[in-house]
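1. Fold the following.
(2 chains)
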Protein chains: 2
Amino acid sequence: MNAIKRSGVLFVVSGPSGSGKSTLCRDLMKKPDLPFGLAVSHTTRAIRPREVDGIDYHFLSKEDFERNLARGLYLEYALVHGNYYGTPQTAVDAFLSQSKHGILEIDVQGGLQVKAKKPDTVLIFVCPPRFSILEARLKSRATDSEEVIARRIHNAIDEIKKIPSYDYLIINDDYDLALKELESILYAEQNRISRLNPENLYDTMQLP
Amino acid sequence: MNAIKRSGVLFVVSGPSGSGKSTLCRDLMKKPDLPFGLAVSHTTRAIRPREVDGIDYHFLSKEDFERNLARGLYLEYALVHGNYYGTPQTAVDAFLSQSKHGILEIDVQGGLQVKAKKPDTVLIFVCPPRFSILEARLKSRATDSEEVIARRIHNAIDEIKKIPSYDYLIINDDYDLALKELESILYAEQNRISRLNPENLYDTMQLP
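-> Now for the predicted structure:
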């Protein structure tokens, strides 16, 4: 055997809208040295122009989604504006067992669902250094109604208050530093001894 | 207040002689973005030419060291070839409270002593990818007697078997990757939410 067998690590990245978490996750996944797996989510919302079934999402009927839900097929799910979104557990397990990591960009409630089912999951929270920055970012989105903005601000406060149930905090002030911190958490977590099998380690090292 | 108050993190780096841990620690401490504090160790061994008391070590008599030991002044200590070496707890606490990190390069027994006294300590183990590499490195040190080499090999096996009691493993195969992994563990650990005070965080964020 040539290398120590490591299982993939599942990371959840959460944070209020406007925190910059999506940009961070996108830039992280461009880095060549970390192997990532992808799980295509299920949704019951209508397919949009240019979306491809099975690539952007698996598009399901509400009845099919609820049947899957009843059978415990989802690692986490959410009902957003009357549409279901869910991460199929088998798809995640498939890439983790191939030593690939996964990043789920979901809300705190979803993150805690995942942690309950898979305690090895690493929960990362991204937020700006001042609440006022978040407020300003949300208000500057000209397309959103005042009602939508007020709800987002309310949700942001709710999520921030749940930070103590997460594992890591990234304060997205200096973007390059925030990206370095996110990458560092991934490198560190894949080197955690609690994720290794000592017998496999000693075999691989050819310990006398 | 401008920034979130983080306390310093104490890291212990262990690994058999020949693992390359000293070079890794030295190169890590050259990086400009991580604030490190230093605790000058106490020792009872004789001062060597070019060493300075209070800089290289605090040089103590055996009686003084044992008096300190009895008073619980050391975070960890070891007796090596009849000489005591110890890390004074107050010196470490002083820089941790100033948000500076510390690295103690000590053996596994010392690392476990520190973890017992300070459970927040992060234990990192460095080892080569194959035991045979370690053996070859130890044997190539022409100045060591066969007896010394045999003892070092025996000690290395002992220490490697204690890996499961450590937090992180760095396999020093590709040196640049090993250094990146060590740095990543420091960045990740200083972002752990369990090390933050949530009230201080919310004050700093000016959460409404």
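2. domains of chain A?
-> Domain ranges of chain A: A:9-36+A:101-191, A:38-100, per automatic domain parsing.
3. Please identify which of these is closest to A:A3.
-> Within the domains of chain A, the stretch nearest A:A3 is domain A:38-100; the backing value is 9.4 Å (C-beta to C-beta). (Each C-beta comes from the backbone N, C-alpha and C, glycine too.)
4. And what about the most centrally placed residue in chain A, helix, strand or coil?
-> Geometric centre of chain A, nearest residue: A:L104, 2.1 Å, by C-alpha atoms, centre = their mean. Secondary structure state of A:L104, per DSSP: H, G, I helix; E, B strand; the rest coil, is strand.
5. At which residues are the helices of chain A located?
-> A:21-29, A:62-70, A:89-97, A:108-117, A:131-139, A:146-160, A:175-190, A:198-205 (DSSP state H).
6. quick one, which of those is packed in tightest?
-> helix A:175-190 (a mean of 20; mean count of other C-beta atoms under 10 Å in any protein chain shown).
7. Name the residues that touch that helix?
-> By C-beta atoms under 8 Å, 6 or more residues apart in numbering or on different chains, the residues outside helix A:175-190 that reach it are A:6, A:9, A:11, A:13, A:20, A:23-25, A:27-28, A:31, A:34, A:101, A:122, A:124, A:126, A:168, A:170-172, A:195, B:168, B:180-181, B:183-189, B:191.
8. so it versus helix B:175-190, what angle?
-> When axes from the mean of the first three to the mean of the last three C-alpha atoms, to 10 degrees is applied, the directions of helix A:175-190 and helix B:175-190 differ by 100 degrees.
9. picking that back up, as CSV, the helices of chain A with distance to B:R141 would be great.
-> Output for the helices of chain A, formatted as CSV (distance: least, C-beta to C-beta, whole Å):
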stretch, distance to B:R141
helix A:21-29, 42
helix A:62-70, 62
helix A:89-97, 42
helix A:108-117, 48
helix A:131-139, 56
helix A:146-160, 55
helix A:175-190, 31
helix A:198-205, 21
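10. so which of these gets nearest B:V114?
-> helix A:175-190 (19.3 Å).
11. show me where pLDDT drops low in chain A?
-> A:1-2, A:142 (pLDDT under 70).
12. Pull the number of nearby residues for the residue lying closest to A:S61 once chain neighbours are set aside.
-> Once flanking residues are discounted, A:S61 sits nearest to A:T44: 6.7 Å by C-beta to C-beta, 6 or more residues apart in numbering or on different chains. The tally of other residues near A:T44 (other C-beta atoms under 10 Å in any protein chain shown) stands at 19.
13. Phi first, then psi, for A:T44.
-> Dihedral angles of A:T44 (phi, psi; degrees, to the nearest 10) stand at phi -100, psi 0.
14. Show the contacting residues for it.
-> So A:T44 contacts A:F59, A:L60, A:S61, A:K62, A:F65, A:N83, A:Y84 (C-beta under 8 Å, 6+ apart).
15. same deal with A:L96?
-> Here A:L96 is in contact with A:S7, A:G8, A:V9, A:L10, A:G37, A:G102 (C-beta under 8 Å, 6+ apart).
16. how about 6 Å then?
-> A:S7, A:G8 (C-beta atoms under 6 Å, 6 or more residues apart in numbering or on different chains).
17. Look up how far A:N68 lies from it.
-> 20 Å (C-beta to C-beta, to the nearest Å).
18. Please apply the same query to A:A91.
-> From A:A91 to A:N68 the distance is 12 Å (C-beta to C-beta).
19. Ok, A:S145 next?
-> 33 Å.
20. same question, A:E146
-> 37 Å.
21. Same check on A:L60?
-> From A:L60 over to A:N68 (counting by C-beta to C-beta), the distance is 8 Å.
22. same question, A:R195
-> Relative to A:N68, A:R195 is positioned 29 Å away (C-beta to C-beta).
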